[in-house]
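Asker: Below are the sequence and a predicted model; questions follow.
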Amino acid sequence: MDKILENLQTFWSFTGFANFTTDYLIMICFGLIFLYLGIKKDWEPMLLVPIGFGILIGNIPLFQGLNVGVYEEGSVLNILYQGVQRGFYPPLIFLGIGAMTDFSALISNPKLFLIGAAAQFGIFGAYAISLAFGFDPAQAGAIGIIGGADGPTAIFLSSRLAPDMMGAIAVSAYSYMALVPVIQPPIMRLLTTKKERLIRMKTPRQVSHTEKVLFPIIGFLLTAFIVPSGIPLLGMLFFGNLLKESGVTKRLANTASGPLIDIVTILIGVTVGASTQADQFLQTRSIWIFVIGACSFLIATFAGVLFVKIFNLFLKEGNKINPLIGNAGVSAVPDAARVSNNVGREYDPTNYLMMHAMGPNVAGVIGSAVAAGILLGFLG
């Protein structure tokens, strides 16, 4: 009988219940919130559902030596997490993004690239705020990239500059990407007048096949020579787009934009979520990362909209840009562009801004990768 009781006690000590603390409960609640927002509210479900369930996986209390946790060397989760830690998931994501992105709106109206560049002020604004709060330059650079609203780029940069903060930075970046439809519209309405919201932009010109093929080649050469440290992201982004636009590699483009990016999205979401173990995640600096991340996102949206308003002062009547597409300069594709379109149609149901907003939106993808390369070059 004593032996049975001893065995039962041993078994109990191995369970999650025996090792459970309120910290794990807090993180499990976070995971459930992510799942609720993804499933019930349909907010970026492709991101929030894997991350939310990953948070549940990572916050089952374990005893030392079981060798299943994401931070235990050699465990299955740890092996899968190497793609995040070593930064080879993000370039694969960028390959898929390139293969599914149409740069026609940007090619037909190159000045829209300036809006995407302006929105990157969020990154450097957050960098300055992080330094003011006592983070070292490398940590500040990793936190600042949240302002680009680009989860893969945030993972790529933080894995090199601040690997110990990567979980908080990645979850923060993906959270704000999902909250684009909530955060941006009030700022857009605050900064624009009714007259500005009703601006109709010229229909983009037709872009030739030759232009579409040349764009990723020339775009890569220009950006890579400026920021060689961004080659892993920029190279895969433009290569994926060349697969799409060349017309002769349809199978490769379909693979990159379909099964490949889906598989990597699952792996990156689950493992990033699992990395938020309560003992690693629930720290004061994680709260500051979320606060500064919110500031960076707000700065990016403000900068994009205000830049268009200022830019319009130098444009002739009939060539003006609707400032509602300024928010799309962040890299949340295509949600930010969809927000531009939806807010615009609130004031004029026949004014479709989606095709115009995609210009700064895809420029934001390029801009965030360039910004990451700049920060990595200075701080890496």
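Answerer: Sure, I can see it.
Asker: Now do the helices in the stretch 151-300 of the chain.
Answerer: In the stretch 151-300 of the chain, the helices defined using DSSP state H, counting those that start in this stretch lie at 151-161, 166-178, 180-191, 194-197, 209-226, 231-246, 250-255, 261-274, 278-281, 284-312.
Asker: Return the distance of the longest one from the chain's centre.
Answerer: On the basis of C-alpha atoms, centre = their mean, to the nearest Å, helix 284-312 sits 14 Å off its chain's mean C-alpha point.
Asker: tell me which residues in the one helix or strand L114 maps to are buried?
Answerer: Assessed by DSSP states H and E, L114 sits inside helix 113-119. Going by neighbour count (16 or more other C-beta atoms under 10 Å), the buried part of helix 113-119 is 113-119. C-betas here are computed from N, CA, C, even on glycine.
Asker: Could you provide the residues you listed in JSON lines, with additional columns for distance to S104?
Answerer: Converted to JSON lines, those look like this (distance: C-beta to C-beta, whole Å):
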{"residue": "F113", "distance to S104": "13"}
{"residue": "L114", "distance to S104": "18"}
{"residue": "I115", "distance to S104": "16"}
{"residue": "G116", "distance to S104": "15"}
{"residue": "A117", "distance to S104": "19"}
{"residue": "A118", "distance to S104": "21"}
{"residue": "A119", "distance to S104": "20"}
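Asker: Which residue in those residues has the weakest pLDDT?
Answerer: Within these, A119 has the lowest pLDDT, namely 85.
Asker: What is the neighbour count of the nearest residue to that residue once chain neighbours are set aside?
Answerer: In space, and not counting its chain neighbours, A119 is closest to G329: 2.8 Å by C-beta to C-beta, 6 or more residues apart in numbering. Residues lying near G329 (other C-beta atoms under 10 Å) number 35.
Asker: now do F94
Answerer: 29.
Asker: For it, list the residues it contacts.
Answerer: The contact partners of F94, taken as C-beta atoms under 8 Å, 6 or more residues apart in numbering, are 152, 233-234, 236-237, 240, 369.
Asker: before we move on, what SS does it have?
Answerer: helix (DSSP: H, G, I helix; E, B strand; the rest coil).
Asker: Now do the helix or strand hosting Y24: everything it contacts.
Answerer: Assigned by DSSP H and E, Y24 falls within helix 22-39. With contact meaning C-beta under 8 Å, 6+ apart, helix 22-39 is reached by 43-45, 47-49, 51-56, 58-61, 178, 273, 276-279, 281-282.
Asker: Flag every buried residue along it.
Answerer: Per 16+ other C-beta under 10 Å, helix 22-39 contains these buried residues: 24, 27-28, 30-31, 34-35, 37-38.
Asker: Give me the packing partners of the very next helix or strand once past it, helices and strands only.
Answerer: Per DSSP H and E, helix 22-39 leads on to helix 45-58 as the next helix or strand towards the C-terminus. The helices and strands touching helix 45-58, judged by 3 or more C-beta pairs under 8 Å, 6 or more residues apart in numbering; DSSP states H and E, are helix 22-39, helix 166-178, helix 261-274.
Asker: mean pLDDT lowest for which of these?
Answerer: helix 166-178 (a mean of 85).
Asker: Any stretches of the stretch 251-380 of the chain with poor pLDDT?
Answerer: Applying pLDDT under 70 to the stretch 251-380 of the chain flags residues 380.
Asker: dump the residue contacts of Y176.
Answerer: 146, 149, 183, 293-294, 297.
Asker: Would you mind measuring from it to V68?
Answerer: Look at Y176 and V68: by C-beta to C-beta, to the nearest Å, they are 31 Å apart.
Asker: got a list of what K244 touches?
Answerer: If you count contacts by C-beta under 8 Å, 6+ apart, then K244 has 98-101, 253, 257 around it.
Asker: If we use 7 Å, what do you get?
Answerer: 99, 253 (C-beta atoms under 7 Å, 6 or more residues apart in numbering).
Asker: Same question for A119.
Answerer: 300, 303-304, 329-330, 364, 367 are the contacts of A119 under C-beta under 7 Å, 6+ apart.
Asker: ranking those by neighbours, who comes first?
Answerer: When neighbours are counted by other C-beta under 10 Å, V330 leads these with 37 neighbours.
Asker: wait, that one sits on A363?
Answerer: No - judged on C-beta atoms under 7 Å, V330 makes no contact with A363 at a distance of 10.3 Å.
Asker: Could you list the residues in contact with stretch 183-196?
Answerer: Residues contacting stretch 183-196 (C-beta under 7 Å, 6+ apart): 176, 297-298, 301-302, 305-306, 322-324, 327, 336, 339, 343, 347.
Asker: Which of the residues in it are classified as buried?
Answerer: Across stretch 183-196, burial judged by 16+ other C-beta under 10 Å covers 183-185, 187-189, 191-192, 196.
Asker: Alpha carbons of that stretch, in PDB - could you do that?
Answerer: Taking Å, rounded to 0.1, in the frame of the first residue of the first chain, the C-alpha atoms of stretch 183-196 are listed here in PDB:
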ATOM      1  CA  ILE A 183      -6.400  51.100 -33.800                       C
ATOM      2  CA  GLN A 184      -6.000  52.900 -37.100                       C
ATOM      3  CA  PRO A 185      -9.500  54.200 -38.000                       C
ATOM      4  CA  PRO A 186      -9.900  56.700 -35.100                       C
ATOM      5  CA  ILE A 187      -6.400  58.200 -35.900                       C
ATOM      6  CA  MET A 188      -7.300  58.500 -39.600                       C
ATOM      7  CA  ARG A 189     -10.600  60.300 -38.700                       C
ATOM      8  CA  LEU A 190      -8.900  62.500 -36.200                       C
ATOM      9  CA  LEU A 191      -6.200  63.700 -38.600                       C
ATOM     10  CA  THR A 192      -8.300  64.300 -41.800                       C
ATOM     11  CA  THR A 193     -11.100  66.600 -42.800                       C
ATOM     12  CA  LYS A 194     -14.300  65.500 -44.500                       C
ATOM     13  CA  LYS A 195     -13.100  67.200 -47.700                       C
ATOM     14  CA  GLU A 196      -9.800  65.200 -47.600                       C
END
